[in-house]
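Engineer: Any chance you could fold what I've pasted below:
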Amino acid sequence: MLAVIFFVMAGLMLATAALPHDRLWALRSWQYRDPEAHRPSPAAFRSQKNLCLLAGLICVGLGIYSLFN
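Structural biologist: Here you go, the predicted structure:
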């Protein structure tokens, strides 16, 4: 059961990393009168993508570990 939770979390993290930043930002841009003024920098998007990839890989590793132990 724990492995399933880790694999679902990994899928969510990897899907978040794979989404283009425009689609991800479109989910929150309606909150602002001028969305372009509140748009995060490319470095912020890149660091979010890298952290999601890292978290996804860690979840995959933990899922595999929990399957065999």
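
Engineer: for this structure, which spans come out with low pLDDT?
Structural biologist: Along the chain, the parts satisfying pLDDT under 70 run over 20-25.

Engineer: Phe45 in helix, strand or coil?
Structural biologist: helix (DSSP: H, G, I helix; E, B strand; the rest coil).

Engineer: what's the spacing between it and Arg39?
Structural biologist: 9 Å (C-beta to C-beta, to the nearest Å). To be clear about C-beta, it is placed using only N, CA and C from the backbone, and glycine gets the same treatment.

Engineer: Which phi and psi values does Ala18 adopt?
Structural biologist: Here is the backbone geometry of Ala18 (degrees, to the nearest 10): phi -80, psi -20.

Engineer: Neighbours of it, how many?
Structural biologist: For Ala18, the number of neighbouring residues by other C-beta atoms under 10 Å comes to 11.

Engineer: Kindly report the same for Met13.
Structural biologist: 20.

Engineer: show me what contacts the nearest residue to Leu14 once chain neighbours are set aside?
Structural biologist: Excluding its sequence neighbours, the residue lying closest to Leu14 (C-beta to C-beta, 6 or more residues apart in numbering) is Gly56, at 4.1 Å. Taking C-beta atoms under 8 Å, 6 or more residues apart in numbering as the contact definition, Gly56 lies against 9-11, 13-14, 17.

Engineer: now, which of those residues sits nearest Tyr65?
Structural biologist: The closest of these to Tyr65 turns out to be Ala10 (C-beta to C-beta; 12.3 Å).

Engineer: For the closest one, list the residues it contacts.
Structural biologist: Contacts of Ala10 (C-beta under 8 Å, 6+ apart): 56-57, 59-60, 63.

Engineer: would you turn these into a markdown table with secondary structure and distance to Pro35?
Structural biologist: Converted to a markdown table, the contacts of Ala10 look like this (DSSP: H, G, I helix; E, B strand; the rest coil; distance: C-beta to C-beta, whole Å):
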| residue | secondary structure | distance to Pro35 |
| --- | --- | --- |
| Gly56 | helix | 28 |
| Leu57 | helix | 31 |
| Cys59 | helix | 31 |
| Val60 | helix | 34 |
| Gly63 | helix | 37 |
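
Engineer: Produce a PyMOL select command limited to the buried residues of those.
Structural biologist: Buried residues among these (16 or more other C-beta atoms under 10 Å), as a PyMOL selection:
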select buried, resi 56+59+60+63
